[in-house]
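Asks: The following block contains a protein sequence and its predicted model.
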Amino acid sequence: MTQNHHYDAVVLGGGTAGELVASGLARAGRDVALVEKHLVGGVSPYFACVPSKSLLLSARRGETWEAALARRDALARYRRDDPAVARMAEAGVTVLRGRGHVTGPGRIEVDGTVHGFGDLVVCTGGEPVIPAVDGLADVPLWTGDEALSVPDLPRRLAILGGGPVGCELAQVYASFGSQVSLVEASGRLLTAEAPFAGEVLADALRRTGVDLRLGAAAGHAGRKDTGLRLWLSDGGTIDADRVLVAAGRRPRVEGLGLENLGVAVTPGQGLPVDETCRVPCEADGADDAQAGGVWAAGDVTGIAGTTHAARYQAQVVLSNLLGRRRETDYRAIPRVVYTTPTVYSVGVSPREAGELGIDLLTAGYDLAATVRAAVEADERGRVELYADRSRGLLVGAAAAGRNAEEWMSEITLAIRAETPLSLLADVVHAFPTYGESVEAPLRELAANL
Ligand SMILES: Cc1cc2nc3c(=O)[nH]c(=O)nc-3n(C[C@H](O)[C@H](O)[C@H](O)COP(=O)(O)OP(=O)(O)OC[C@H]3O[C@@H](n4cnc5c(N)ncnc54)[C@H](O)[C@@H]3O)c2cc1C
Ligand SMILES: NC(=O)c1ccc[n+]([C@@H]2O[C@H](COP(=O)([O-])OP(=O)(O)OC[C@H]3O[C@@H](n4cnc5c(N)ncnc54)[C@H](O)[C@@H]3O)[C@@H](O)[C@H]2O)c1
């Protein structure tokens, strides 16, 4: 086994987070290697955010499946990473192709060659959870990766999971003509979010022809002469040609050799990080001037599971590695489902407030009451704002409505900045916009706190 170069830092995993940390360090003059076993860019541009948003837009515009595929594949750069690799080279990053495995302090092996490092930044992302359903391995199965990269349009598609992935892809495939059934084990869609959001979305999906099976889990699966059958826990069955698993993602922490650094790795759970995104490990505090730290950003931390959160954590790591201390603040990271209507949530959800014992004061408004809704001829949706009664502050919000991902940003800022409600209630919104819908609930909260 050959020993290669010693880098100031090695970034393990070249997705959204890894690219950002590696290029930032290189631009600051550090000698950096980025280790990537598949595509530089990770899942977001090729198998996740970009192709899914492209298909959702094509569905909304009523394009043909062929036109939608052409657009999707062009936006996903035909799943080739040459431009991303060129970007890294331009920034001065050495890209090491292959699977990385840490063999000991300051040593990582990439396909048979050992490289040295000072700091290690783990950005290995996550992978889909395949639920333990009898017979699932024997039926035609997709994860989001296949659903967003192959050209097939199944005649009948059964989706397991009613989270963001299941809901977005149900809308895509149903809009293009697949007969979609969606199975969600909990009683509603987007279980973690405000109940009204799941209800608005359920209504929209049903109108597109999606058969929602809420409160039922898949019991077992089996092949049939034509296609497959799923047997559900409520006694129901679904006949389909393909199953799409959208039952969550788990941080990719295993097989990386992090135990060799004394990092506590728990399968299925995110790497533990402190407020600077540093991973505590046994070597911390060792009397070795050469030894750097272990850091992590993105889905591997198990904290937020979105591209913008991966970017945020990457910026925090970068700043700390460059000697400017920065701490994470997760109070206002948006959670968006880009269906029509969009579902936007930020801060504390009613469920989380219950778990944290926060006394919530809620005020809401139906978008139908705005003039914009009449102008757009789209009255679907609602906004709800959540204040912490004891602190007198806005702590969370949810909206389901057209373009909510754009007009809810001010509420995100308000939560993050802890803007006084009296001031928020005095903000003027342009007429006629959906954004006006927050005015009445803000006034209500301000009056009652
Ligand atoms: C269908 C779908 C739609 C989504 N839509 C959105 C959206 O609209 N908006 C949003 O904000 N988020 C969305 N997400 C979530 C978003 O894609 C992720 O949060 C984000 O891509 C995570 O980036 P990351 O850098 O942490 O990981 P990744 O992009 O997964 O990158 C990790 C990289 O590490 C590499 N790697 C892993 N182990 C090793 C190893 N041992 N050696 C070398 N390389 C390794 C992998 O090959 C991969 O390239 C979506 C997710 C899915 C599944
Ligand atoms: N727009 C976005 O930002 C966006 C879009 C898609 C995905 N993502 C991210 O991707 C990650 C994965 O999303 P997801 O929707 O796969 O996961 P999720 O964990 O949000 O939802 C999975 C759902 O599947 C259900 N489920 C699990 N096992 C089941 C079974 N056997 N039968 C029926 N239902 C079952 C669960 O009850 C849960 O509601 C999340 O971190 C999410 O934030 C983000």
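Replies: Cool, got the structure. Ligands and ions are numbered 1, 2, ... in the order given.
Asks: Which residues of the stretch 151-300 of the chain lie near ligand 1?
Replies: Contact residues (C-beta under 6 Å from any ligand atom) of the stretch 151-300 of the chain with ligand 1: Val165, Arg252, Leu256, Gly298, Asp299. The C-beta positions use only the backbone N, C-alpha and C, and glycine is treated the same way.
Asks: ok, whichever residue of the stretch 101-250 of the chain sits closest to ligand 2 - how many residues close by?
Replies: Going by C-beta to the nearest ligand atom, ligand 2 is nearest to Gly163 of the stretch 101-250 of the chain, at 2.2 Å. Gly163: 20 surrounding residues under other C-beta atoms under 10 Å.
Asks: in the stretch 101-250 of the chain, which spans are helices?
Replies: Remark: helices assigned in the stretch 101-250 of the chain by DSSP state H, counting those that start in this stretch are 144-147, 164-175, 195-207.
Asks: how about those helices, which one is nearest Pro432?
Replies: Counting by C-beta to C-beta, Pro432 lies closest to helix 195-207 out of the helices of the stretch 101-250 of the chain; the figure is 20.8 Å.
Asks: ok, residues contacting the closest one?
Replies: Among residues not part of helix 195-207, those counted as contacts by C-beta atoms under 8 Å, 6 or more residues apart in numbering are 162, 167, 170-171, 174, 182, 188-191, 212, 214, 337, 339-341, 343, 345, 350, 364, 380-382, 384, 398-400.
Asks: Mind putting the helices of the stretch 101-250 of the chain into CSV with mean neighbour count, mean pLDDT and distance to Leu424?
Replies: Shown next, in CSV, are those (neighbours: other C-beta atoms under 10 Å; pLDDT from 0 to 100; distance: least, C-beta to C-beta, whole Å):
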stretch, mean neighbour count, mean pLDDT, distance to Leu424
helix 144-147, 20, 98, 37
helix 164-175, 25, 98, 28
helix 195-207, 19, 98, 21
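Asks: since we're on Leu356, how many residues are nearby?
Replies: For Leu356, the count of nearby residues is 11 (other C-beta under 10 Å).
Asks: And it, what's its pLDDT?
Replies: On pLDDT, Leu356 comes in at 96.
Asks: Not counting sequence-adjacent ones, nearest residue to it?
Replies: Nearest residue to Leu356, sequence neighbours excluded (C-beta to C-beta, 6 or more residues apart in numbering): Val348, at 7.2 Å.
Asks: cool, Leu421 as well?
Replies: Ala446 (4.2 Å).
Asks: which residues touch that neighbour?
Replies: Ala446 makes contact with Leu421, Ser422, Leu424, Ala425, according to C-beta under 8 Å, 6+ apart.
Asks: for Ala425, same thing?
Replies: Taking C-beta under 8 Å, 6+ apart, we find Ala425 in contact with Glu439, Leu442, Arg443, Leu445, Ala446.
Asks: can you redo these as TSV with distance to ligand 2, secondary structure and pLDDT?
Replies: Output for the contacts of Ala425, formatted as TSV (distance: C-beta to the nearest ligand atom, whole Å; DSSP: H, G, I helix; E, B strand; the rest coil; pLDDT from 0 to 100):
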residue	distance to ligand 2	secondary structure	pLDDT
Glu439	27	helix	98
Leu442	26	helix	98
Arg443	30	helix	98
Leu445	27	helix	98
Ala446	31	helix	97
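Asks: could you dump those to JSON lines with distance to Asp152?
Replies: JSON lines is the format used below for the contacts of Ala425 (distance: C-beta to C-beta, whole Å):
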{"residue": "Glu439", "distance to Asp152": "47"}
{"residue": "Leu442", "distance to Asp152": "47"}
{"residue": "Arg443", "distance to Asp152": "51"}
{"residue": "Leu445", "distance to Asp152": "48"}
{"residue": "Ala446", "distance to Asp152": "53"}
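Asks: List the buried residues for stretch 383-395?
Replies: Val383, Glu384, Leu385, Tyr386, Ala387, Asp388, Gly392, Leu393, Leu394, Val395 (16 or more other C-beta atoms under 10 Å).
Asks: measure that stretch end to end?
Replies: Stretch 383-395 has an end-to-end distance of 14 Å (C-alpha to C-alpha, to the nearest Å).
Asks: Stretch 86-101 too?
Replies: End-to-end distance for stretch 86-101: 24 Å, by C-alpha to C-alpha.
Asks: Could you do stretch 322-329 as well?
Replies: Start-to-end, stretch 322-329 (C-alpha to C-alpha) is 19 Å.
Asks: same thing with stretch 354-365?
Replies: Its start and end residues considered, stretch 354-365 measures 22 Å (C-alpha to C-alpha).
Asks: Repeat that for stretch 301-315.
Replies: One end of stretch 301-315 to the other measures 14 Å (C-alpha to C-alpha).
Asks: same question, stretch 86-95
Replies: 10 Å.
Asks: how deep is Asp82 tucked in, by neighbour count?
Replies: Asp82: 10 surrounding residues under other C-beta under 10 Å.
Asks: Tell me how far it lies from ligand 1.
Replies: Distance, Asp82 to ligand 1, by C-beta to the nearest ligand atom, to the nearest Å: 15 Å.
Asks: do Ile358 as well
Replies: Using C-beta to the nearest ligand atom, we find Ile358 at a distance of 26 Å from ligand 1.
Asks: Likewise for Thr301?
Replies: Distance from Thr301 to ligand 1, counting by C-beta to the nearest ligand atom: 8 Å.
Asks: what number of residues lie near that residue?
Replies: The burial count for Thr301: 27, using other C-beta under 10 Å.
Asks: Excluding residues flanking it in the chain, which one is nearest it?
Replies: Excluding its sequence neighbours, the residue lying closest to Thr301 (C-beta to C-beta, 6+ apart) is Gly270, at 4.6 Å.
Asks: tell me the contacts of that neighbour?
Replies: Counting by C-beta under 8 Å, 6+ apart, Gly270 has contacts Pro251, Val253, Val300, Thr301, Gly302, Ile303.
Asks: tell me which of the residues you listed is nearest to ligand 2?
Replies: Nearest member of those to ligand 2, counting by C-beta to the nearest ligand atom, is Gly302, at 9.0 Å.
Asks: And the pLDDT for the residue in the stretch 201-350 of the chain that ligand 1 sits nearest to?
Replies: Ligand 1 sits closest to Gly298 of the stretch 201-350 of the chain, with a gap of 2.2 Å, by C-beta to the nearest ligand atom. Gly298 carries a pLDDT value of 98.
Asks: do Leu39 as well
Replies: We note a pLDDT of 98 for Leu39 in this prediction.
Asks: Could you do Asp287 as well?
Replies: On the pLDDT scale, Asp287 is placed at 52.
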